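Visitor: Quick check, what structure comes out for this input:
(one chain, ligands or ions: 1)
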Amino acid sequence: MKALVLAGGFGTRLRPLSCSRPKMLFPIANRPLIDYTLEALSKEESVDTVVLAVYYMAESLVRYLGPTKYDLGILYSREQRPLGTGGPVKKAKDIMNGDRFMVMNGDILTDFDYKRLIEYHEEKGGVATIALTQVSDPTRYGSVELDWEGRITRFVEKPEYGKAPSNLINAGIYIMEPEILDYIPDEGKVRIETEVFPKLAEENKLYGFESHGFWMDIGEPQDYLGANAMMLTKNNLNKCGESPEIDPSVVIRKPCNFGDNVRIGADSIIGPNVSIGNGVQIGKGCRIENSVVFDGVTIEDYSSVKSAILGENSVLERWVKVESGSLIGDYAQIKDGVTITERVSICPSKTIEESILVPKQVM
Ligand code: GTP
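Guide: Numbers count the residues shown, from 1 in each chain. The predicted structure is shown next:
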């Protein structure tokens with residue numbers, strides 16, 4: 001079976017970090033997101049080939065992955081313009097060769113049992129089966145109503161609080177029969193969730209399978225930090241790359257993951273839930289918690305970073321504070337004593353000389 005991985009989105013909610021890399025290459029515990037997906041698919045016996053549907057920053061994905069990884073063949077379906085979550089399925093129809101196939105969003109992290117999903121799909125005989133997952137709050141997703149035979153009867157997009165038919169949501173993983181292609185228009189952008197699945201549900205040809213295990217989608221910065229924390233915790237990581245120079249007085253609170261050539265000065269406290277990329281330099285008396293620090297970042301003495309993401313080669317000078325879902329773009333420089341709080345995004349290469357205490361995008 002081939003698995004089509006949707007990997008061409010802009011990742012707008014993760015801008016400015018997604019301005020210079022596709023979401024699939026964002027590091028999670030210092031490994032690109034796409035690696036988790038491919039590794040999981042390689043463990044599913046019936047999947048031998050992954051088709052990556054690419055558009056935004058396609059070349060960096062092709063360069064990173066090449067023709068094979070984890071013993072999976074990798075093919076690329078390149079779009080000339082964005083086709084959404086449904087158009088790429090239609091576009092890849094020749095590659096799918098008239099066989100049953102799997103489709104998944106490339107921006108999820110999960111340990112679902114794909115084999116059970118495939119077996120359930122075969123047993124039910126629908127045109128498509130959607131993997132469903134339980135969430136405590138379905139209001140930011142689309143909630144699903146099932147009948148007693150597992151057929152999906154209704155979708156409610158972003159239900160109001162208390163009005164969701166269930167706590168089950170579309171997990172972004174599907175098993176599909178080639179007939180699905182008849183339901184997807186030939187040209188242009190199609191949102192499969194709202195333009196294709198409701199039609200199939202109306203015709204009683206769509207099933208939902210409640211999958212168990214962990215599941216996260218990475219849309220917002222908080223999701224990304226949550227996914228990083230979850231992967232660090234799951235693997236109980238406290239891993240250090242090559243050639244670290246860490247002062248003996250540094251306190252490391254598990255779980256954390258450090259890349260190669262990381263330097264940390266005296267009396268700094270790192271963790272929990274921190275990933276630090278290659279070549280990162282951290283001065284004395286720094287505090288880093290629940291954050292992702294990309295490669296080549298410099299954090300000078302007495303600075304603190306909490307629930308934030310620091311892009312590649314960004315620089316925090318002395319006594320800087322970055323907090324609360326803030327994103328610092330690649331090569332940005334935050335000057336001495338500046339505080340940045342509350343979902344502030346700083347564009348790449350910007351220099352910030354004054355504190356920003358309200359949500360804001362600095363272009
Ligand atoms: P936002 O822009 O922040 O919403 O993120 P996104 O680009 O990831 O969009 P969304 O979360 O809706 O996408 C779900 C999945 O579909 C992700 O894996 C995307 O990479 C993928 N995707 C979205 N649009 C396209 C597209 O036009 N082409 C392809 N090939 N994949 C897409």
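Visitor: all contacts plus neighbour counts: C-alpha atoms, from now on.
Guide: Will do.
Visitor: Show the average pLDDT along stretch 11-22.
Guide: The predicted model gives stretch 11-22 an average pLDDT of 94.
Visitor: for stretch 93-113, same thing?
Guide: Mean predicted lDDT for stretch 93-113 stands at 93.
Visitor: Get me the contact residues on the stretch 51-200 of the chain for the ligand.
Guide: Contact residues (CA under 6 Å from any ligand atom) of the stretch 51-200 of the chain with the ligand: Ala53, Val54, Tyr55, Pro82, Leu83, Gly84, Thr85, Pro88, Asn105, Gly106, Asp107.
Visitor: The fifth one: what's it in contact with?
Guide: Taking CA atoms under 8 Å, 6 or more residues apart in numbering as the contact definition, Leu83 lies against Gly188, Lys189, Val190.
Visitor: tell me the contacts of the residue of the stretch 201-350 of the chain at minimum distance from the ligand?
Guide: Here the residue of the stretch 201-350 of the chain nearest the ligand is Gly219; by CA to the nearest ligand atom that distance is 5.3 Å. When contacts are counted by CA under 8 Å, 6+ apart, Gly219 touches Gly11, Arg13, Leu14, Asp107.
Visitor: what secondary structure does Asp182 sit in?
Guide: Classification of Asp182 using DSSP: H, G, I helix; E, B strand; the rest coil returns helix.
Visitor: Ala7: how many residues sit nearby?
Guide: Using other CA atoms under 10 Å, Ala7 is surrounded by 28 other residues.
Visitor: same question, the one 10 residues further on
Guide: When neighbours are counted by other CA under 10 Å, Leu17 registers 27.
Visitor: Redo the residues of the stretch 51-200 of the chain next to the ligand as JSON lines? Include distance to Met1.
Guide: JSON lines is the format used below for these (distance: CA to CA, whole Å):
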{"residue": "Ala53", "distance to Met1": "16"}
{"residue": "Val54", "distance to Met1": "19"}
{"residue": "Tyr55", "distance to Met1": "23"}
{"residue": "Pro82", "distance to Met1": "25"}
{"residue": "Leu83", "distance to Met1": "23"}
{"residue": "Gly84", "distance to Met1": "23"}
{"residue": "Thr85", "distance to Met1": "20"}
{"residue": "Pro88", "distance to Met1": "17"}
{"residue": "Asn105", "distance to Met1": "17"}
{"residue": "Gly106", "distance to Met1": "17"}
{"residue": "Asp107", "distance to Met1": "21"}
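Visitor: returning to that earlier point: now the contacts of Gly219: which count as buried?
Guide: By neighbour count, with 16 or more other CA atoms under 10 Å, the contacts of Gly219 hold Gly11, Leu14, Asp107 as buried.
Visitor: Next up, phi/psi of Val250, please.
Guide: Val250 adopts backbone torsions of phi -70, psi 140, taken as degrees, to the nearest 10.
Visitor: so it touches Ser268, yeah?
Guide: Yes - assessed by CA atoms under 8 Å, Val250 is found in contact with Ser268 at 5.0 Å.
Visitor: And the pLDDT for Leu237?
Guide: Looking at Leu237, the pLDDT reads 64.
Visitor: what's the longest helix seen in the chain packed up against?
Guide: Counting by DSSP state H, the longest helix found in the chain is helix 221-234. For helix 221-234, the packing partners by 3 or more CA pairs under 8 Å, 6 or more residues apart in numbering; DSSP states H and E come out as strand 27-28, strand 215-217, strand 274-276, strand 291-293.
Visitor: what about Asp48, neighbour count?
Guide: 16.
Visitor: Which residue, other than its chain neighbours, is closest to it?
Guide: For Asp48, ignoring the flanking residues on the chain, the nearest one in space by CA to CA, 6 or more residues apart in numbering is Leu72 at 5.5 Å.
Visitor: can I assume that neighbour is in contact with Val51?
Guide: No - counting by CA under 8 Å, Leu72 stays clear of Val51, with 10.0 Å between them.
Visitor: gap between the longest strand anywhere in the chain and the chain center?
Guide: Secondary structure of the chain per DSSP state E: the longest strand is strand 168-176. A distance of 16 Å separates the C-alpha centroid of strand 168-176 from that of its chain, computed with CA atoms, centre = their mean, to the nearest Å.
Visitor: now swap in stretch 100-108 and tell me
Guide: 13 Å.
Visitor: CA atoms of it as PDB?
Guide: Provided in PDB are the C-alpha atoms of stretch 100-108 (Å, rounded to 0.1, in the frame of the first residue of the first chain):
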ATOM      1  CA  ARG A 100      -6.400   1.200  -2.000                       C
ATOM      2  CA  PHE A 101      -4.200   3.900  -0.300                       C
ATOM      3  CA  MET A 102      -3.600   5.700   2.900                       C
ATOM      4  CA  VAL A 103      -3.600   9.500   3.300                       C
ATOM      5  CA  MET A 104      -2.300  11.400   6.200                       C
ATOM      6  CA  ASN A 105      -1.600  15.000   7.300                       C
ATOM      7  CA  GLY A 106       2.100  15.500   7.600                       C
ATOM      8  CA  ASP A 107       1.800  17.700  10.700                       C
ATOM      9  CA  ILE A 108       0.600  15.100  13.200                       C
END
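Visitor: got a list of contacts for that stretch?
Guide: Contacts of stretch 100-108 (CA under 8 Å, 6+ apart): 1-7, 23-24, 33-34, 37, 89, 172-178, 215-219.
Visitor: which one of the buried ones among the contacts of Gly219 is nearest the ligand?
Guide: For the buried ones among the contacts of Gly219, the nearest to the ligand is Gly11 (3.4 Å; CA to the nearest ligand atom).
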